[in-house]
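J.: build me a structure from this.
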Amino acid sequence: MVITDYLERNARLYGSESALVEINPSEERDNAVTWRDFNLIENANPDAPYRREISWKDFDRRANRFANLLLSRGLKRGTKVAILLMNCLEWLPIYFGILKAGCIAVPMNFRYSSDEIKYCLDLADADVIIFGPEFTGRVEEICHRVKGVKMWLYHGEDCPTFAESYDKLVTYASTKTPDIKLTDADEAAIYFSSGTTGFPKAIVHNHESLMHAALTEQNHHSQTKDDVFLCIPPLYHTGAKMHWFGSLLTGGKAVLLKGTRPEFILETVSKEKCTIVWLLVPWAQDILEAIESGKVNLDDYELKLF
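T.: As a prediction, the model looks like this:
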């Protein structure tokens, strides 16, 4: 089985059950940061709904819609499709839609400057990019200088004139599973290195690699279908996405939290009954300090599983 087979299995077996939840707690903007800094922080969007949710069936249908949209535009097996989005409910269905079309997903760091975006699009030889409103300025700056990209897709309101609206186009696409046969050897994704010693380097993964990651994560956490995984880090990162692969294998629910304040994390764990929480060290430190200072009271949250 390849990774997309598990999504289709979950849609069949657990169709109406929750697959993904997006939590977007309200958070006042910090006026001390610049517009550029603010847009590069993965935090809450005050204009977005507080909670959104999709089932496994809806997840699979959304992935199929995007796959069929790509195929209807003549994209062939092995075409590279770049993703430049903040964490959102659409991120993973878009990623799986790319895979289902036989194309190669190219997740991009949301901290990239316009020149870094151009560099990575050229390096990956991307034909398509889907981006969100946080990146309009940076993408517009380089769109006329990127020769390889033939389709600029925009997810969000107020689509810029140089792009097409992903949200409108997919509403007309079929929800049927595309007739694309995938094998372990097929290339699936290109991930970029952190670029600490220069510009990022492109690393190609095939479907076998993604399956190994999924099996490793599920085994590492001894994850079952009853587990609820809380994901806070950005999905463009291999760690965040591949940690989520454990939920895919088991058919369990995952929660995408946009915001890192201790009270946001604790409230989400409490309300969504999260059993697996992936924290970076600074966030764990913030939680410990908030507890010690009395800023948060653990008695206010339901954290006991048994």
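J.: going forward, measure contacts and count neighbours with C-alpha atoms only.
T.: Noted.
J.: residue 268 - how many residues pack around it?
T.: Residue 268 has 20 neighbouring residues, counting by other C-alpha atoms under 10 Å.
J.: who's in contact with residue 20?
T.: 53, 54, 55, 56, 89, 253, 254, 255, 256 (C-alpha atoms under 8 Å, 6 or more residues apart in numbering).
J.: repeat that for residue 276.
T.: Per C-alpha under 8 Å, 6+ apart, neighbours of residue 276: 221, 227, 228, 229, 230.
J.: please identify which pair of the contacts of residue 20 lies farthest apart.
T.: 56 and 256 (15.2 Å; C-alpha to C-alpha).
J.: show me where pLDDT drops low in this protein?
T.: Within the chain, the ranges that satisfy pLDDT under 70 run 26-49, 195-196, 305-306.
J.: which parts of it are strands?
T.: Ranges of strands within the chain are 18-23, 51-55, 80-84, 104-107, 128-131, 151-154, 164-165, 187-192, 202-206, 228-231, 253-257, 276-277, based on DSSP state E.
J.: identify the neighbouring strands of the first one in the sheet and state each direction.
T.: Translated: strand 18-23. strand 51-55 (antiparallel), strand 253-257 (parallel) (DSSP bridges).
J.: in CSV, list the contacts of residue 276 along with neighbour count and distance to residue 77.
T.: Shown next, in CSV, are the contacts of residue 276 (neighbours: other C-alpha atoms under 10 Å; distance: C-alpha to C-alpha, whole Å):
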residue, neighbour count, distance to residue 77
221, 12, 34
227, 20, 35
228, 23, 34
229, 25, 32
230, 26, 33
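J.: residues contacting the closest residue to residue 232 other than its chain neighbours?
T.: Distances taken as C-alpha to C-alpha, 6 or more residues apart in numbering put residue 257 closest to residue 232, at 5.2 Å, once the chain neighbours are dropped. Listed by C-alpha under 8 Å, 6+ apart, the contact set of residue 257 reads 22, 23, 24, 230, 231, 232, 265, 268.
J.: pull the contacting residues for the closest residue to residue 167 other than its chain neighbours.
T.: Nearest non-adjacent residue to residue 167, counting by C-alpha to C-alpha, 6+ apart: residue 155, 6.0 Å away. By C-alpha under 8 Å, 6+ apart, the contact set of residue 155 is 130, 131, 132, 133, 165, 166, 167.
J.: whichever of these end up buried, select them in PyMOL.
T.: Applying 16 or more other C-alpha atoms under 10 Å to the contacts of residue 155 leaves a buried subset, and the PyMOL line that selects it is:
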select buried, resi 130+131+132+133+165+166
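J.: my read is that residue 115 contacts residue 140, right?
T.: No: look at residue 115 against residue 140 with C-alpha atoms under 8 Å: they stay out of range, at 11.4 Å.
J.: look up how far residue 250 lies from the residue nearest to residue 232.
T.: Relative to residue 250, residue 257 is positioned 20 Å away (C-alpha to C-alpha, to the nearest Å).
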